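S.K.: Next input, structure requested:
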Amino acid sequence: GEGNVKYVVMMLQDVDEFENRRKSLLEQHKVLIESSEVNGPKDSATMVAQSPEMLRVLSIADTVAPIDPTILLLGESGSGKEVFAHYIHSHSQRSKKPMITVNCAALPDSLLESELFGYEPGSFTGASSRGRKGLFELAMHGTVLLDEIGEISPKFQASFLRALQERQIIRVGGK
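M.R.: Numbers count the residues shown, from 1 in each chain. You can find the predicted model right below:
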């Protein structure tokens, strides 16, 4: 029934061994920080991995970074998709250009459309009289990370798919 204990897991470790590991990890962390400050800007993504699975994923990221693909990163929440996106961007030819992140789940379709594609003057109530560039234009030749892309409505997916396939956008109210 509820509240019954099935297993008890205990980890016993020598205090000196624990302290030595802690100091070792702090030293490794210090070396990584110093290395990243010497070898590149602080916003360039550096990753350290040991498991064969992560090394394989890093190898794939290194393979796709120099080319210009549209990439779909799948994984559970908190699995590091955004970290990989930054890693790929920082190792690409687009690294000197902007990387813009948009949380698609946080915006309704109408606002997401004008944010991504921009809009022409007077295209809707409250629109600026000068119009506005969208995030796709602002990130020109850079990277746009669309977080939670699976949350957009099927209606908006058609407009969005065209932008991905054709690599062209039409501002809201534009031709």
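S.K.: remind me which residues of this structure are low pLDDT?
M.R.: In the predicted model, the chain carries pLDDT under 70 at residues 1-15, 17-46, 125-127.
S.K.: Now do the strands in it.
M.R.: 99-103, 118-119, 132-133, 143-147 (DSSP state E).
S.K.: got the angle for the last one vs strand 99-103?
M.R.: Per axes from the mean of the first three to the mean of the last three Cα atoms, to 10 degrees, the angle that strand 143-147 makes with strand 99-103 is 20 degrees.
S.K.: Which strands border strand 143-147, and is each parallel or antiparallel?
M.R.: strand 99-103 (parallel) (DSSP bridges).
S.K.: Using PDB, write down the CA coordinates of the strand it pairs with.
M.R.: Output of strand 99-103 as PDB, limited to C-alpha atoms (Å, rounded to 0.1, in the frame of the first residue of the first chain):
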ATOM      1  CA  MET A  99      21.400  33.800 -32.100                       C
ATOM      2  CA  ILE A 100      17.800  34.600 -31.200                       C
ATOM      3  CA  THR A 101      15.800  32.300 -28.900                       C
ATOM      4  CA  VAL A 102      12.000  32.400 -29.000                       C
ATOM      5  CA  ASN A 103       9.700  30.400 -26.700                       C
END
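S.K.: Just say which of the strands of the chain is most tucked in.
M.R.: Of all those, strand 118-119 has the most neighbours on average by mean count of other Cβ atoms under 10 Å, namely a mean of 21. (Glycine included, C-beta is placed from N, CA and C.)
S.K.: Please state the offset of that one from the chain centre?
M.R.: Put simply, strand 118-119 sits 23 Å off its chain's centre (Cα atoms, centre = their mean, to the nearest Å).
S.K.: what's it packed up against?
M.R.: On a contact count with 3 or more Cβ pairs under 8 Å, 6 or more residues apart in numbering; DSSP states H and E, strand 118-119 meets strand 132-133.
S.K.: quick one: residue 113 from residue 170, how far?
M.R.: 10 Å (Cβ to Cβ, to the nearest Å).
S.K.: just the helices in the protein please.
M.R.: Assigned by DSSP state H, the helices in the chain fall at 15-39, 52-64, 81-90, 109-117, 135-138, 154-166.
S.K.: Report the inter-axis angle for the last one versus helix 109-117.
M.R.: Which is helix 154-166. Using the same axes, to 10 degrees, the inter-axis angle of helix 154-166 relative to helix 109-117 is 10 degrees.
S.K.: What residues of helix 154-166 count as buried?
M.R.: Going by neighbour count (16 or more other Cβ atoms under 10 Å), the buried part of helix 154-166 is 156, 159-160, 163.
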